[in-house]
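Undergrad: Make a model of this:
(one chain, ligands or ions: 1)
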Amino acid sequence: MVDKMLDYKNELPVELIAPDISSYKKSNTGIDYVHTFDSGKHGPHVFISAVVHGNEPCGAIALDWLFKKEEIPKRGKLSLGFMNIEAYLAFDPSNPNRTRWVDEDFNRLWGPGVLDDKERKQTSEYLRAREVKPIIAEVDFLLDIHSMQKPCIPLMMAGMEQKGLDLAKSVGMKIPTIIDSGHKEGMRMRDFGEFSNPSSIKNALLVECGQHWEKSSEPIAIETTIRFIRNTGIMGNEFGLEYLPKSDNDSKIQFLKVGKIITIKTKNFKFEKNWQGFDCLKKGEIIGYDDEEVIEAPFDQTFLIMPSKRLFVGKTAVRLAYPV
Ligand SMILES: [Zn+2]
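TA: Numbers count the residues shown, from 1 in each chain. Sure thing, here's the model as predicted:
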């Protein structure tokens, strides 16, 4: 059974090859497809997460690359996890939208109490999220690797707290960084528990590496992973240097804040244009319509963050951000 919400035509080329991850099933954590490399020395626990959405192979490619490097941390622990396994294993390049999830979005289940609610429907994603929750609750730094529906420049999603922004700065990917609270539909893994507590040192980032199947999202996923891990100090100084540019470009990171989330209210929602993401509109320009309601750009410079193709009631249509 395919969720009707995911059964829409793909018009974009599938350039990436989703790696075979069967050899990573057997693990040392008691959770299939989640591995921990422990230095045995004091230090932070760092977690790199891939395929929270089953149709986003760039994260799986980055983890596969990291596994094959076989580098053990010098201090602390490094955990690597493939999240929505059931969806990812069903990935089909001839119909790649369909395997975003099996029953529901894995990345909307992380609000307080959701995964402890035994009355809740036992979906594939709910059960897998419950499996990985104990280790996600334990880690100090989480990088969650994603990609986007439409061709768009890479974006870093830093969450609502200053500490997310600070982490994005020190990781140093020169890509626009978005201060955002996620989706009304439910909380993301990157916002789970202590990651959203401003007084906790635990911290997380979510990177959107580009379009799901675009070749260019692969090097972004790998570079972000390297910079994220290097920033935690768990690896030696040489870690990943062969992959990074010799000299860092000194361009500034652009910061934007999501000021409004457009959540779909009726089945008659439509966009004014085929927005691609990161489109910049002037205040008052029409973004779209939700039945009778006209949705206009609310800020002098309104940036459209990830306009969706899944225009269903209750889903996020687009998030609206302004420069800060
Ligand atoms: Zn995603």
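
Undergrad: In the stretch 1-150 of the chain, what residue spans correspond to helices?
TA: 57-69, 85-89, 124-138 (DSSP state H, counting those that start in this stretch).

Undergrad: Distance from the shortest one to the middle of the chain?
TA: Read that as helix 85-89. 16 Å (Cα atoms, centre = their mean, to the nearest Å).

Undergrad: helices or strands next to that helix in the packing?
TA: helix 124-138 (3 or more Cβ pairs under 8 Å, 6 or more residues apart in numbering; DSSP states H and E). Backbone N, C-alpha and C define where each C-beta goes, glycine included.

Undergrad: May I see the buried residues of the helix it packs on?
TA: Within helix 124-138, the residues that qualify as buried are 124-126, 128-129, 131-133, 135-136, counting by 16 or more other Cβ atoms under 10 Å.

Undergrad: now the residue nearest to residue 271 when sequence neighbours are not counted: how far from residue 270?
TA: Spatially, and ignoring its direct neighbours in sequence, residue 271 is nearest to residue 288 (4.1 Å; Cβ to Cβ, 6 or more residues apart in numbering). According to Cβ to Cβ, to the nearest Å, residue 288 stands 6 Å off from residue 270.

Undergrad: neighbour-wise, which of these two wins?
TA: residue 288 (21 against 10; other Cβ atoms under 10 Å).

Undergrad: What separation do you get for residue 101 and the ion?
TA: As defined by Cβ to the ion, to the nearest Å, residue 101 lies at a distance of 10 Å from the ion.

Undergrad: isn't that residue right up against residue 6?
TA: Yes: in this structure residue 101 lies within contact range of residue 6 using Cβ atoms under 8 Å: 7.3 Å.

Undergrad: Neighbour count: those two, which is higher?
TA: The neighbour comparison of residue 101 against residue 6 (other Cβ under 10 Å) goes to residue 101, with 23 against 19.

Undergrad: how about low-confidence regions in this structure?
TA: 1 (pLDDT under 70).

Undergrad: for the ion, what are the nearby residues on it?
TA: Neighbours of the ion within the chain, by Cβ under 5 Å from the ion: 53, 56, 146.

Undergrad: Neighbours of the last one, how many?
TA: It refers to residue 146. Neighbour count for residue 146, taken as other Cβ under 10 Å: 25.

Undergrad: of all of the stretch 201-324 of the chain, which residue lies closest to the ion?
TA: residue 208 (7.3 Å; Cβ to the ion).

Undergrad: That residue contacts residue 151, correct?
TA: No: the pair residue 208 / residue 151 is not scored as a contact, 11.8 Å apart, by Cβ under 8 Å.

Undergrad: So for these two, which residue has more residues nearby?
TA: Between residue 208 and residue 151, counting by other Cβ under 10 Å, residue 208 is the more crowded of the two (28 against 15).

Undergrad: so who does residue 74 touch?
TA: Contacts for residue 74 (Cβ atoms under 8 Å, 6 or more residues apart in numbering) come out as 39, 41, 43, 234-236.

Undergrad: Which members of the residues you listed come out as buried by neighbour count?
TA: 43, 234-235.

Undergrad: Which stretches in the stretch 151-300 of the chain count as helices?
TA: Going by DSSP H, counting those that start in this stretch, the stretch 151-300 of the chain shows helices at 162-171, 217-232.

Undergrad: now those helices in JSON lines, with mean neighbour count?
TA: Below are the helices of the stretch 151-300 of the chain laid out as JSON lines (neighbours: other Cβ atoms under 10 Å):
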{"stretch": "helix 162-171", "mean neighbour count": "19"}
{"stretch": "helix 217-232", "mean neighbour count": "22"}
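
Undergrad: can you tell which of those is closest to residue 11?
TA: Residue 11 lies closest to helix 217-232 among these, at 17.1 Å (Cβ to Cβ).

Undergrad: Show residues contacting that closest one.
TA: Contacts of helix 217-232 (Cβ under 8 Å, 6+ apart): 16, 44, 46, 48, 58-59, 61-63, 65-66, 76, 78, 140-141, 143, 145, 147, 154, 156, 167, 170-173, 175, 205, 207, 209-211, 235, 239-240, 243-244.

Undergrad: contacting residues around the spatially most central residue of the chain?
TA: The structure's the chain has its C-alpha centroid closest to residue 146; by Cα atoms, centre = their mean the separation is 3.6 Å. For residue 146, the contact set (Cβ under 8 Å, 6+ apart) comprises 52-53, 56, 59, 206-209.
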